[in-house]
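Engineer: predicted model, plus sequence, below.
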Protein chains: 2
Amino acid sequence: MKQANICPRFEKAISLLSQRWTALIINQMLSGPHRFCALQSSIGISGKVLSERLKDLEQKEIIKRKVIPETPVIIEYSLTEKGYSLEPVLKEIENWSQAWLDIERAENIK
Amino acid sequence: MKQANICPRFEKAISLLSQRWTALIINQMLSGPHRFCALQSSIGISGKVLSERLKDLEQKEIIKRKVIPETPVIIEYSLTEKGYSLEPVLKEIENWSQAWLDIERAENIK
DNA sequence: TAAAGTTAGTTACTTTATGTAACTAACTTT
DNA sequence: AAAGTTAGTTACATAAAGTAACTAACTTTA
């Protein structure tokens, strides 16, 4: 039933950003390189899915994985140029969220 | 394990746009109102998931559902102001996709 | 007028994606 | 030696999507 007449590049971009966690991972990395467990705890993702996403994003050349042979070894994930170039997208999402969404409080009021 | 210190509005926006099909549905509607089966065939989504998404987007006030009592009845889905305000986000994704993605051809070459 | 088609969905069932939690291996700190 | 940290992996459970057939109300065609 796939018959989309939609631009394939656009569809690819959408399918990338529609993967759960992907946009949040990229967003965290906009502020600099991150380690595996830092991402894990800052966005609340499981190790399993995080490792899947990082492999996928690396393969898509959006992030790069660097092994720093300190003793204990440090694995550092950071954005490539292609990855950084998603910043305007994330910023627009943030702008929209500030303008149009508000935090529900109802559930907290007894 | 949810401990995110991320802005809750931003997270909400991300979780909206990370739902499969949602961004494509909104994108189609940027060009005007659409009927159920027009969306179905233009983006290649199943009736089941489309009806779920439309209900969800309506409840979030991003789209509105209008019953036009022509004979045969027409159900017209269109963006609200909140929905239209996502246009810059979609445009940025499109810009990025044009600048950074290309169509794989390898699989077509024998 | 019966048969076939369209629209806007829904239902039942299957496959895929995520979540949860425990585990590993190599190293460090107590 | 025991416990903790880092960067994952594995096995199992639940949730989300895909597939395809079905419904109900109406219309068009033979």
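Structural biologist: Arrived safely. The model shown is predicted, which means the values in this text are computed figures rather than measured ones.
Engineer: return the distance of the residue of chain A found nearest DNA strand C relative to chain B.
Structural biologist: Here the residue of chain A nearest DNA strand C is A:S46; by Cβ to the nearest atom of the strand that distance is 3.0 Å. From N, CA and C alone the C-beta is placed, and that goes for glycine too. The gap separating A:S46 from chain B is 7 Å, by Cβ to the nearest Cβ, to the nearest Å.
Engineer: for chain A, which residues score under the pLDDT cut-off?
Structural biologist: A:1-4, A:104-110 (pLDDT under 70).
Engineer: could you rerun that using 80?
Structural biologist: A:1-5, A:71, A:103-110 (pLDDT under 80).
Engineer: need the residues of it near DNA strand C, please.
Structural biologist: Neighbours of DNA strand C within chain A, by Cβ under 7 Å from any atom of the strand: A:19-21, A:45-49, A:52, A:71-72.
Engineer: can you list those in TSV and add secondary structure?
Structural biologist: Output for these, formatted as TSV (DSSP: H, G, I helix; E, B strand; the rest coil):
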residue	secondary structure
A:Q19	coil
A:R20	coil
A:W21	coil
A:I45	coil
A:S46	coil
A:G47	helix
A:K48	helix
A:V49	helix
A:E52	helix
A:T71	coil
A:P72	coil
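Engineer: most neighbours among those residues, please name it.
Structural biologist: Using other Cβ atoms under 10 Å in any protein chain shown as the neighbour criterion, A:I45 leads those with 21 neighbours.
Engineer: show me where chain A has strands.
Structural biologist: A:34-35, A:63-68, A:74-79 (DSSP state E).
Engineer: ok, the last one near DNA strand D or not?
Structural biologist: Pointing back at strand A:74-79 there. Yes - applying Cβ under 7 Å from any atom of the strand, one finds strand A:74-79 touching DNA strand D at A:74-75.
Engineer: that strand pairs with which strands?
Structural biologist: strand A:34-35 (antiparallel), strand A:63-68 (antiparallel) (DSSP bridges).
Engineer: could you identify which of these is most buried?
Structural biologist: Per-stretch averages of neighbours, counted by mean count of other Cβ atoms under 10 Å in any protein chain shown, single out strand A:34-35 among the strands paired with strand A:74-79, with a mean of 16.
Engineer: quick one on the thing from earlier: out of the strands paired with strand A:74-79, which comes closest to A:I6?
Structural biologist: strand A:63-68 (26.1 Å; Cβ to Cβ).
Engineer: restricting to C-alpha, output that closest one in PDB.
Structural biologist: Output in PDB follows, covering the C-alpha atoms of strand A:63-68 (Å, rounded to 0.1, in the frame of the first residue of the first chain):
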ATOM      1  CA  ILE A  63      27.100  11.100  15.200                       C
ATOM      2  CA  LYS A  64      30.600   9.700  15.600                       C
ATOM      3  CA  ARG A  65      31.900   7.300  18.300                       C
ATOM      4  CA  LYS A  66      35.400   8.000  19.700                       C
ATOM      5  CA  VAL A  67      37.300   5.600  21.900                       C
ATOM      6  CA  ILE A  68      39.600   7.600  24.300                       C
END
